[in-house]
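> Here's my sequence, what's the structure:
(2 chains)
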Amino acid sequence: MFENISNHLFNQEELKQVEYHISKYPKKMSAVMPVLWMIQEKFGWISIDSMKYVGELLELPYEHVLGVATFYTMYFKKPVGKYHLQICTNVSCMLCGGDKLFKYVSDKLGIKNKEVTSDGIFSIEEVECLGSCGTAPMLQVNNKEYYENLTLPQVDELLDRFRAEASKN
Amino acid sequence: MTKIILKDIPDYHKIDVYVQNGGYQSLKKALGMTTDQVIDEVKKSNLRGRGGACFPTGLKWSFMPKGNDKPKYLCCNGDESEPGSFKDREIFEKNPHQFIEGTLIACYAMGCKAAYVYIRGEYWKWVEMMEVAVADAYKKGYIGKNILGTDFSVDIYVHKGAGAYICGEESSLMNSLEGKRAYPRVKPPFPAAVGVWGYPTTINNIETLANVPDIIKNGGEWFSKIGEPKHPGTLLFGVSGHVNKPGVYELETGIPLMDVINKVCGGVKDGKQIKMVIPGGSSMPPLTREECLTMKMDNESLKAIGSAIGTAGVIVMDEDTDILKVLKRITKFYYHESCGQCTPCREGCGWMLRVLDRIDRGEGRQEDLDLLISVAENIEGNTICALGDAAAWPVKWTIRKFRDEIAKKIPAHKITLPVLNKVHGVRDYEGYSTLKRDNENEVVESLMGKVQEELNDESVRYSG
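As a prediction, this is how the structure comes out:
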């Protein structure tokens, strides 16, 4: 399907996945969100070059892909830390100490919202409601796993665990 | 208490257990009925949408054009991003097949070619669960071609969002599905005429569709007799905040709010008094303690005092809660999530946040509360979608109901403020004029970084 593209960022298997995403919708353009997710899964963030590549794959102008990528907050337009901690501070979490949790982690790691630690291991982001209101406060790591009903000692433990895992690899 | 969705059956999320307990029998029954009979049964049940607007589902289905000259689509709205609402994830986790069955029945009734399940990107785990459930149902022949030996065929696809509250609005959900920026569309034309990819479309909430199989199984009349007659059925109440046992509970409509808090959720934490309760997710006008005492939880009762059931996300706040901080946080959310399409919402949310912030810093002026209500009223009803209203209501109603408390934060003496009128924009940066094709990537990336830095700098953002 994608013979005319010279420099591929995806391997054959991933290109098949792209074809599957295109087949789900009546129009090719609709596959832009799943394909951007694939880019982020592979590279950790979405660079301008990869947006251009997605544009080539889906026959879209690069500007359209840029527009989509910048609209949605979960697409990272800059590299993030190995463990990107997304802490909810919205109402329900705030009532249960979500804002305190954010400040604690921010102070402990010495970084502000959307910053990365100098060793590249951690970055933090203050996010909006993640639908975990009954199990507040909580944080999500790398757009994936939820850690709910957190206490400060548990957060310490979690950070230590991540740091140990990072130094192992 | 009737349980329709969260039945206490272990491993009910597995397709085998679901089928053993009578699963997919309603689909079989529906396929033996005419499409009009299915829609009539849903109309008779008086099932109303669970996404917040409480629109009668059967009526919505009947708006879809008959005939198959154009493909028709069903979008299942699982974007659920309203703060305080966390019910759909419970359905994905505990009863995905009942939702799939409801979706299939809806597709049959309206003649849809395919259904797209839009789930918010943050729900990574639940997206995977749904993908497994859909794949299982495909394997067993409940989804796909010639379902249960009939000539009815339909496909179900899971679409993962990427973190935008606005995608829960039906027309922006369609734009998002089309692979565009999720801007809400002007209505009319309504989705039933011109929907996703320009074809007739119906958008239903996940919980609404999960109710459908039991309506077909037991009849619309059975459903219409559960709970409050004008808003029948059960609701998945997501209770959060200062209660002892927060969580999602399936309860009949019309249940007294105090029963939800005291009997179901074990009362307010540390035996404190209630100060404020938000009945249906952060955009709904809040209730005072006195209003809570007699309030029944259904849309009609809440409407009578100017609030609404919304998504039944109940947020309970105790007597020590700082109402202003809560209001500021809610406004910050809408400021962050406004898509930027309509001026009243894009600018108004920012101004409401700045004014609330200066009151919180102790630099408020006496006229600020009226100013806030005026800004809110100028947003309300003047935007393409309901996000504007959602941002305006909490500000307007919280100030009306808790005016004295917020006014206490405003000093009596007059304060003069520094004026800062800074326009954020890439044009302000030196790099903009040097933008050329060959170094475009570098310049755009550095500009995006600079804009982000400034957006992060709270001192710049809130001044003025």
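
> For residue 15, which non-adjacent residue is closest in space?
You didn't say which chain, so I picked chain A. Nearest residue to A:Leu15 in three dimensions, chain neighbours excluded: A:Phe2, at 6.0 Å (CB to CB, 6 or more residues apart in numbering or on different chains). Just so you know, the C-beta spots here come from the backbone N, C-alpha and C atoms, and that holds for glycine as well.

> other chain: chain B
Taking CB to CB, 6+ apart as the measure, B:Ile15 lies nearest to B:Asp136, with 4.3 Å between them; neighbours along the chain are not counted.

> Mind listing what's buried along the helix or strand where that neighbour lies?
When elements are assigned from DSSP states H and E, B:Asp136 belongs to helix B:124-139. Buried residues in helix B:124-139, defined by neighbour count with 16 or more other CB atoms under 10 Å in any protein chain shown: B:124, B:126-127, B:129-131, B:133-134, B:136-137.

> Which other helices and strands does that helix contact?
The helices and strands touching helix B:124-139, judged by 3 or more CB pairs under 8 Å, 6 or more residues apart in numbering or on different chains; DSSP states H and E, are helix B:15-20, helix B:88-94, helix B:96-110, strand B:114-119, strand B:155-160.

> Next, count neighbours for the closest residue to B:His242 other than its chain neighbours.
Spatial nearest neighbour of B:His242, chain neighbours left out: B:Asp318 (4.2 Å); criterion: CB to CB, 6+ apart. Using other CB atoms under 10 Å in any protein chain shown, B:Asp318 has 18 neighbouring residues.

> Just grab the bridge partners of B:Asp318 for me.
Here B:Asp318 shows beta-bridge partners B:Ile274, assigned using DSSP bridges.

> How about the contacts made by it?
With CB atoms under 8 Å, 6 or more residues apart in numbering or on different chains as the criterion, the residues that contact B:Asp318 are B:242, B:268-270, B:272-275.

> Using CSV, lay out those residues together with neighbour count and pLDDT.
Rendered in CSV, the data for these read as follows (neighbours: other CB atoms under 10 Å in any protein chain shown; pLDDT from 0 to 100):
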residue, neighbour count, pLDDT
B:His242, 25, 96
B:Val268, 20, 97
B:Lys269, 17, 96
B:Asp270, 9, 95
B:Lys272, 14, 96
B:Gln273, 9, 96
B:Ile274, 24, 96
B:Lys275, 22, 96
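
> Out of the helices and strands packed on helix B:124-139, flag the one nearest B:Pro189.
Evaluated with CB to CB, these place helix B:96-110 nearest to B:Pro189, the distance being 17.2 Å.

> Tell me where chain A has helices.
A:12-24, A:32-43, A:48-58, A:62-71, A:91-95, A:98-109, A:152-168 (DSSP state H).

> which secondary structure elements does the fourth one contact?
So that's helix A:62-71. Under the contact definition 3+ CB pairs under 8 Å, 6+ apart, helix A:62-71 sits against helix A:32-43, helix A:48-58.

> okay if I get those helices as a markdown table plus distance to B:Ile9?
Compiled in a markdown table, those are given as follows (distance: least, CB to CB, whole Å):
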| stretch | distance to B:Ile9 |
| --- | --- |
| helix A:32-43 | 33 |
| helix A:48-58 | 43 |
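
> Serialize the ones you listed to JSON lines and add fields for distance to B:Glu90 and mean pLDDT.
Written out in JSON lines, the entries for the helices and strands packed on helix A:62-71 read as follows (distance: least, CB to CB, whole Å; pLDDT from 0 to 100):
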{"stretch": "helix A:32-43", "distance to B:Glu90": "24", "mean pLDDT": "97"}
{"stretch": "helix A:48-58", "distance to B:Glu90": "34", "mean pLDDT": "96"}
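
> Same list (those) but as TSV, adding distance to chain B and mean neighbour count.
Written out in TSV, the entries for the helices and strands packed on helix A:62-71 read as follows (distance: least, CB to the nearest CB, whole Å; neighbours: other CB atoms under 10 Å in any protein chain shown):
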stretch	distance to chain B	mean neighbour count
helix A:32-43	4	20
helix A:48-58	4	20
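
> right, and the ones you listed - which one's nearest B:Gln341?
Closest approach to B:Gln341 among the helices and strands packed on helix A:62-71 (CB to CB): helix A:32-43, 19.1 Å.

> Run the chain-centre distance for that closest one.
10 Å (CA atoms, centre = their mean, to the nearest Å).

> what comes into contact with that helix?
Here helix A:32-43 makes contact (CB under 8 Å, 6+ apart) with A:9-10, A:14, A:17-18, A:21, A:24, A:46, A:50-51, A:53-54, A:57-58, A:60, A:64-65, A:68-69, A:72, A:75-76, A:143, B:121, B:159-162, B:176, B:179.

> what's the burial count for the spatially closest residue to B:Met64 that is not a sequence neighbour?
Closest residue in space to B:Met64, ignoring its immediate chain neighbours: B:Met110 at 4.4 Å, by CB to CB, 6+ apart. Other residues near B:Met110 number 25, with proximity taken as other CB under 10 Å.

> got a list of what B:Met110 touches?
Per CB under 8 Å, 6+ apart, neighbours of B:Met110: B:35, B:39, B:61, B:64, B:72, B:74, B:202.

> Now go through those and say which are in strands.
Here DSSP state E is the test, and the contacts of B:Met110 give B:74, B:202 as lying in strands.

> JSON lines for the contacts of B:Met110, including pLDDT, neighbour count and distance to B:Gly233?
Supplementary listing: the contacts of B:Met110 in JSON lines, determined by pLDDT from 0 to 100; neighbours: other CB atoms under 10 Å in any protein chain shown; distance: CB to CB, whole Å:
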{"residue": "B:Thr35", "pLDDT": "96", "neighbour count": "16", "distance to B:Gly233": "22"}
{"residue": "B:Ile39", "pLDDT": "97", "neighbour count": "21", "distance to B:Gly233": "17"}
{"residue": "B:Trp61", "pLDDT": "97", "neighbour count": "21", "distance to B:Gly233": "16"}
{"residue": "B:Met64", "pLDDT": "96", "neighbour count": "23", "distance to B:Gly233": "22"}
{"residue": "B:Lys72", "pLDDT": "97", "neighbour count": "23", "distance to B:Gly233": "26"}
{"residue": "B:Leu74", "pLDDT": "97", "neighbour count": "28", "distance to B:Gly233": "20"}
{"residue": "B:Thr202", "pLDDT": "97", "neighbour count": "24", "distance to B:Gly233": "19"}
